[in-house]
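Mind folding the following:
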Amino acid sequence: MSSIRIFASLGIAGALLMFIGDMCLYGHFGSSRDFMTNLSIVISKEPDARIITGGFIAPVASFLYCLGFFSIYKMVSPKSPILAIIFIVSSVVMMLFGGAYHAMWGIRGLLIKAGLPSSNYQGLYNKIVKYTRLFYNTMSVLAGVAALILLFVVLSGRSLYPRWTAVVNPGLLLLFKPLTRFIPSPLGAIISGGYLNLVFIIFFSVIVILI
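Predicted coordinates for the structure are as follows:
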C-alpha cells in the first residue's frame, strides 16, 4: 500500500470519527428540515457521557484528518510544490480550528442541558455562541482557500489527480448542502448534521480507490 493510500485511509478514519462525534453530540433520526429546530431538544435529553464523548473525540479526529491531508499534499507537490505547501498549511490550521470548534460543542451541549439559554442567561449564552463562531468562521475561510487551491491544481493538470476528480472536491460538494434539507426522516437529520464529514469520507475514499 502506497503512503498516499495510507494517509488517505487515515483521513477516512478521521472523518468517520468526527462524524461519530457529531452523532454523539446531536445525532438523531428525523427530517433534515427539522434538524435545527429539534437540536436543543435532542441535546437536552442526552446523557452527559454522550455529550462529553462527542466533544472529546475531536482532537483525535482532527489529528487523523491532518494526516489525511498529507495524501493530498503528496498528490500535488510533485507538480506544484509551492501550492502544495500553502494547501497543507491552510488545511492543517483549518482542522485545528475545526477540531477546537467541535470540542467546544461539548461545552455548549452541557450548557444547553443545564438550561443556560434561558431568559436569565440568554446574553451569556449568546456570547459563548459568538465566541465559538469565531473558530467556525476561521475554519471556513481556511477551508475555502484549501478547496480553491485543490480545485485549481486538479483542473489545470498541476497535480497527479485526474481532472474528473474535481467533482469530489470537498468545497464543491459542500455547495450542495442546502439540498439536504429535502431529505426526509429518518436519515435527513443524520446526513444534515454530519454532512461535512460525509463529504470528506467520499473524497478520501476516491483517493484510496484511485491510488
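
Determine which residue of this protein is most distant from the centre point.
residue 120 (32.9 Å; Cα atoms, centre = their mean).

Pull up the gap between that residue and residue 142, please.
Using Cβ to Cβ, to the nearest Å, residue 120 is found at 37 Å from residue 142. C-beta here means a position set from N, CA and C on the backbone, and glycine is covered the same way.

What of residue 110?
From residue 110 across to residue 142, the span is 28 Å (Cβ to Cβ).

again, but for residue 201
20 Å.

what do you get for residue 193?
On the measure of Cβ to Cβ, residue 193 and residue 142 end up 22 Å apart.

What of residue 115?
34 Å.

Counting neighbours, go ahead and name the busier of those two.
Per other Cβ atoms under 10 Å, whichever of residue 115 and residue 142 has more neighbours is residue 142, with 20 against 11.

who's in contact with that one?
Contacts for residue 142 (Cβ atoms under 8 Å, 6 or more residues apart in numbering) come out as 90, 91, 93, 94, 97.

Provide the secondary structure category for the first one.
Residue 90 falls in the helix class when you classify it by DSSP: H, G, I helix; E, B strand; the rest coil.

Isn't it up against residue 146?
Yes: the criterion here is Cβ atoms under 8 Å, and residue 90 meets it with residue 146 at 4.7 Å.

if you count what's nearby, which of those two comes out ahead?
Neighbour tally, residue 90 and residue 146, criterion other Cβ under 10 Å: the higher count belongs to residue 146, 25 against 20.
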